[in-house]
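In: Generate coordinates for the sequence data below:
(chains A, B, C and D)
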There are 2 protein chains.
Amino acid sequence: MSKKQLIMDKSLELFANQGFEATSVQQITDYCGISKGAFYLSFKSKDELIVALIDHFMQQLTVDIDLSVRTTKSDDILYYFYHTTFQAFLKHANFVKLLMKEQTHSLNDELLTKMRYYDRKTDQTILTMIEKVYGEAINKVKYDLIFAIKGLINGYSSYLLFNRMEFDVDLISRSLVEKTDTLARSITIPFITEDYGNMFQQFHDEKVSEDDLYHLIEETIDELGESIEKESLILLKEQIRTPTYHHAIVIGLIENIKNHSQYKWLTYLLTKHFDF
Amino acid sequence: MSKKQLIMDKSLELFANQGFEATSVQQITDYCGISKGAFYLSFKSKDELIVALIDHFMQQLTVDIDLSVRTTKSDDILYYFYHTTFQAFLKHANFVKLLMKEQTHSLNDELLTKMRYYDRKTDQTILTMIEKVYGEAINKVKYDLIFAIKGLINGYSSYLLFNRMEFDVDLISRSLVEKTDTLARSITIPFITEDYGNMFQQFHDEKVSEDDLYHLIEETIDELGESIEKESLILLKEQIRTPTYHHAIVIGLIENIKNHSQYKWLTYLLTKHFDF
DNA sequence: TATACTAATGACTAATCAGTCATTTTGTCA
DNA sequence: TGACAAAATGACTGATTAGTCATTAGTATA
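Out: Residues are numbered from 1 along each chain as shown, chains lettered A, B, ... in the order given. Presented below is the predicted three-dimensional model:
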């Protein structure tokens, strides 16, 4: 494990229990068994560590959930959405704990913007989902439904957190599917109306620039030792600038890195770029 | 306005915008136009101020809402519950903002216990309400419904906060009544089951001790100048130890202080003590 | 083994903050 | 007016913290 990873892992534990402000860099380095100087070789500041943590885990969470909504073809989209969501909460329990503790903590503008970005991202995912499930019938209440869904997730999450995060993912998913379905079919008085949708425009058209993706692949290649993954990425990098291979080959190459959880974000971007 | 009130008012503004930790005592005193020493004449520490703020406003919120649920006789209990809730949010916007910002902030155990107390209190209020509205039919899902309701309130509140707290209280109330009613009538898969109810036992039997009430009245009397309110309280104080007056007289005396919002908590306790 | 380079250390600095207390100001009596 | 007390002040203390940097330890190469 790299030193950066070690610091992120250990500091998350401390942050989850004490909060950002109450945890000193000294405490983190003691807990990691490294010196204070070593910390500043990995991160320019304490704030940079916090941003890195937020980015890392929010990406994990949002990408997981968005992927499950995008790829599920069956009628059970709602179920898989909730299942993936709470499974992810279970997996990153400490991070969820931290998020609940700090909410919109006013550390700096960068963090606030980031959190707002991920929140909007979540809105977009939920919107895609309910449009897929209910089609046009839901149009007049869909933005209202988004907030109901987010509220329900939040409400039950606080209960879970209090009960030490041991729970039946299947049961809570089925319970929330029922509630969501009931609401979707019976709301006649939406509080949040259609014009809220304008806020989403930017996300509809959002596409990571080719350059960004290119550089992200380059960075990832540098991190990797010789392996199938590295070779696949080198080939994919070329395909971005000059697409020559057959579609099936590109899919296969992406498949080679898909199963490595640390490259989920990259997989997600590649999938989006090559248009699946 | 007393110095204590001034500090509480002004510090709430600062806390709501910057959070507890990020606001220094110096900043508070500067903003109040007083010296640092004067601050410590009113509050023993910064933490004591925070506890006082939480206590003051949580009492306002919970008492308001509980009273509306207890006294409303009509079929519109749900509507009045939401209406009172969001009206109170509107009135104490800065405090709600602060609550959202800090959530379960780990300042100290006392605060955590307090917050848990008020949260349980809210649960109790909601439970009373849905039992009143739906009776026995709701028994198997009532604890589940509590969390759904709290979740919905939270979800929409975060939207309101983001939109600078300008909203139609009637519309959001009607919208949430519809959702609550729909859920209450159709949930078949509760996630939170009946055994959660054991946690409430303590609150069912809860009654403020006679001594506590007696001392609270004494303190309030000391704060008051000569007035009808003061006289009423002096008489009520005697009635606690040796009840002699007719029921109607006691009710009248309580009525005399009922309309003063700063004594809402006291009114609430008196009402409970004399069993209405 | 000598050299050159990187990784790691922890004592140190400068800044911030909660809380104190000797001193001053203000208000209230005779 | 003067004597006294209560209220208010703000410079100061001690503790804590993020971040720095001169120094040392470790490692690879020639």
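In: CA only for contacts and neighbour counts going forward, please
Out: Noted.
In: can you give me the helices in the stretch 101-250 of chain A?
Out: Using DSSP state H, counting those that start in this stretch, the helices found in the stretch 101-250 of chain A span residues A:109-134, A:142-162, A:169-186, A:201-204, A:210-223, A:228-241, A:247-258.
In: Tell me which of those sits nearest to B:M165.
Out: helix A:142-162 (15.9 Å; Cα to Cα).
In: on contacts alone, who are the packing partners of the closest one?
Out: Where contact means 3 or more Cα pairs under 8 Å, 6 or more residues apart in numbering or on different chains; DSSP states H and E, helix A:142-162 is packed against helix A:109-134, helix A:169-186, helix B:142-162.
In: Which of those helices sits closest to DNA strand C?
Out: helix A:109-134 (17.4 Å; Cα to the nearest atom of the strand).
In: chain center to that closest one: distance?
Out: When distances are taken as Cα atoms, centre = their mean, to the nearest Å, helix A:109-134 is centred 10 Å away from the chain's centroid.
In: Buried residues of that helix, list them for me.
Out: A:111, A:115, A:118, A:120-127, A:129-130, A:132-133 (16 or more other Cα atoms under 10 Å in any protein chain shown).
In: before we move on, the earlier item: turn the helices and strands packed on helix A:142-162 into TSV, columns for distance to DNA strand C.
Out: What follows is these, written out as TSV (distance: least, Cα to the nearest atom of the strand, whole Å):
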stretch	distance to DNA strand C
helix A:109-134	17
helix A:169-186	40
helix B:142-162	26
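In: what's A:T188 sitting at in phi/psi?
Out: phi -120, psi -20 (degrees, to the nearest 10).
In: Count residues in the vicinity of it, would you?
Out: 13 (other Cα atoms under 10 Å in any protein chain shown).
In: B:D211 versus the closest residue to it other than its chain neighbours, what's the distance?
Out: Distances taken as Cα to Cα, 6 or more residues apart in numbering or on different chains place A:V141 nearest to A:T188, at 7.6 Å, with adjacent residues excluded. Distance of A:V141 to B:D211, computed by Cα to Cα, to the nearest Å: 53 Å.
In: and if you look at A:Y214?
Out: Distance from A:Y214 to B:D211, by Cα to Cα: 73 Å.
In: more neighbours, the two?
Out: Neighbour count, other Cα under 10 Å: between A:Y214 and B:D211, A:Y214 has more, with 16 against 11.
In: A:I126: what's it in contact with?
Out: A:I126 is in contact with A:I146, counting by Cα atoms under 8 Å, 6 or more residues apart in numbering or on different chains.
In: gap between it and B:L160?
Out: Relative to B:L160, and taking Cα to Cα, A:I126 is found at 19 Å.
In: Now do the same contact list for A:V141.
Out: Taking Cα under 8 Å, 6+ apart, we find A:V141 in contact with A:184, A:187-190, A:192-194.
In: Revised request: answer the last question for A:L253.
Out: So A:L253 contacts A:232-233, A:236 (Cα under 8 Å, 6+ apart).
In: export those residues to TSV and tack on neighbour count and distance to A:F167?
Out: Compiled in TSV, the contacts of A:L253 are given as follows (neighbours: other Cα atoms under 10 Å in any protein chain shown; distance: Cα to Cα, whole Å):
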residue	neighbour count	distance to A:F167
A:S232	18	39
A:L233	21	39
A:L236	22	41
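In: surely A:L61 meets A:A88?
Out: Yes. Using Cα atoms under 8 Å, A:L61 is in contact with A:A88, at 6.3 Å.
In: more neighbours, these two?
Out: Between A:L61 and A:A88, counted using other Cα under 10 Å, the more crowded position is A:L61 (22 against 18).
In: Work out for me the element the more buried one sits within.
Out: For A:L61, the host element (DSSP states H and E) is helix A:46-71.
In: Which other helices and strands does that helix contact?
Out: Looks like helix A:46-71 contacts helix A:3-18, helix A:77-91, helix A:109-134, helix A:264-273 (3+ Cα pairs under 8 Å, 6+ apart).
In: which one of these lies closest to B:D170?
Out: Minimum separation from B:D170 across the helices and strands packed on helix A:46-71 (Cα to Cα) falls at helix A:109-134, 25.1 Å.
In: quick one, the closest one and helix A:142-162 angle?
Out: Here helix A:109-134 points in a direction 110 degrees away from that of helix A:142-162 (axes from the mean of the first three to the mean of the last three Cα atoms, to 10 degrees).
In: quick one: average pLDDT of helix A:109-134?
Out: For helix A:109-134, mean pLDDT rounds to 88.
In: With stretch A:258-275 instead?
Out: 75.
In: tell me which residues of it are tucked away?
Out: Neighbour-count burial for stretch A:258-275, counted by 16+ other Cα under 10 Å, picks out A:258, A:264-271.
In: can you tell me which of those residues lies nearest to B:E226?
Out: The closest of these, once distances to B:E226 are taken by Cα to Cα, is A:W265, at 69.8 Å.
In: between the helices and strands packed on helix A:46-71, which one is nearest to A:I54?
Out: Of all these, the one in closest proximity to A:I54, counting by Cα to Cα, is helix A:109-134 (8.2 Å).
In: correct me, but A:K121 touches A:L61?
Out: No. The pair A:K121 / A:L61 is not scored as a contact, 10.8 Å apart, by Cα under 8 Å.
In: Give me the three-state assignment for A:I34.
Out: Per DSSP: H, G, I helix; E, B strand; the rest coil, the secondary structure class of A:I34 is coil.
In: And it, how far from A:S45?
Out: 16 Å.
In: Over to A:E110?
Out: A:E110 is 14 Å from A:S45, where distance means Cα to Cα.
In: and the residue of the stretch 1-150 of chain A nearest DNA strand C?
Out: A:G37 (3.2 Å).
In: Go through whatever helix or strand that residue lives in and flag the buried ones.
Out: Element membership for A:G37, per DSSP H and E: helix A:36-42. By 16+ other Cα under 10 Å, the buried positions in helix A:36-42 come out as A:F39.
In: Distance of A:Y196 relative to chain B?
Out: Look at A:Y196 and chain B: by Cα to the nearest Cα, to the nearest Å, they are 11 Å apart.
In: likewise A:L12?
Out: Distance of A:L12 to chain B, computed by Cα to the nearest Cα: 15 Å.
In: Need phi/psi at A:D76.
Out: Backbone geometry at A:D76, expressed as degrees, to the nearest 10, gives phi -100, psi 30.
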